[in-house]
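Engineer: Mind looking at a prediction? Sequence and model below.
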Amino acid sequence: MRIGSLDDYKPAETDYAVLLCSSEQLQPLPASHGTVVFCFSEEELDHAVNMPAVLADVPAAQATPILARLIRDREVVEYWAPRSAADNLYDLVDSDDIVSEDLGVAGLHISERWIHLRVEESAGTSRPPDDFLRGLSAPLSASNVGPRDQGPAPDAPTLRTLVISRVATLAKPVKQYLPSSAVVSLYKMLEKIR
């Protein structure tokens, strides 16, 4: 598969047909604002003629010929992969057979749980997917999975800090009724405590 554009796009939200490999989809699909037709075979997807087509985490060997045929019929198709398990997406983009060389990524949208690709016929200006594949596999590599440095832990409040905050909250309402010399001396005492 080739990369034409990785610009953000708005994935299908209303009235689309989605091809699933099984009815036991692990990730919930994004919220829809219309009719969603669930298809479990290519034939069922063919019946949803006037709807945008979405392939949801279909294995690459099965998805490539379906994408090629749908792009000829509908021009643009979407492929969605769960962010937690993007193996099928990686295999699809990494495939270099003759059919997949005619396919190109025309848009990328990343939601909370899904990676959405807009797939269309590859253009002459498209490029190889090497950098995209490196980025896709980066969160999965073992070198990135390590303890994160959260910075220094916040210090526990000391007795001095507690005394200053308590005295300041008690003195503020009374401050206007005290003589100015008493207020100045209280501030000096607080400064020495700090």
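Structural biologist: Arrived safely, thanks for sending.
Engineer: For the nearest residue to R74 once chain neighbours are set aside, give me its contacts.
Structural biologist: Leaving out its chain neighbours, the residue that sits closest to R74 by CB to CB, 6 or more residues apart in numbering is A53, at 6.1 Å. Just so you know, the C-beta spots here come from the backbone N, C-alpha and C atoms, and that holds for glycine as well. By CB atoms under 8 Å, 6 or more residues apart in numbering, A53 lies in contact with Y16, A17, V18, L19, L45, L70, R74, V77, E78.
Engineer: ok, now L19?
Structural biologist: Applying CB under 8 Å, 6+ apart to L19 gives the contacts C39, F40, S41, E42, E44, L45, A53, V54, L55, A56, V58, I66.
Engineer: Same check on A61?
Structural biologist: Counting by CB under 8 Å, 6+ apart, A61 has no contacts.
Engineer: Check the one 5 residues further on too.
Structural biologist: With contact taken as CB under 8 Å, 6+ apart, I66 is in contact with L19, E42, L45, L55, V58.
Engineer: Check those residues against S111 and report the nearest one.
Structural biologist: When the contacts of I66 are compared for distance to S111 (CB to CB), L55 comes out closest, at 16.1 Å.
Engineer: Relative to S22, how far out is the closest one?
Structural biologist: 13 Å (CB to CB, to the nearest Å).
Engineer: Pick out whichever of the two has more residues nearby.
Structural biologist: L55 (27 against 8; other CB atoms under 10 Å).
Engineer: Which elements pack onto the longest helix belonging to the chain?
Structural biologist: Longest helix in the chain, counting residues (DSSP state H): helix 159-175. Here helix 159-175 touches helix 180-193, going by 3 or more CB pairs under 8 Å, 6 or more residues apart in numbering; DSSP states H and E.
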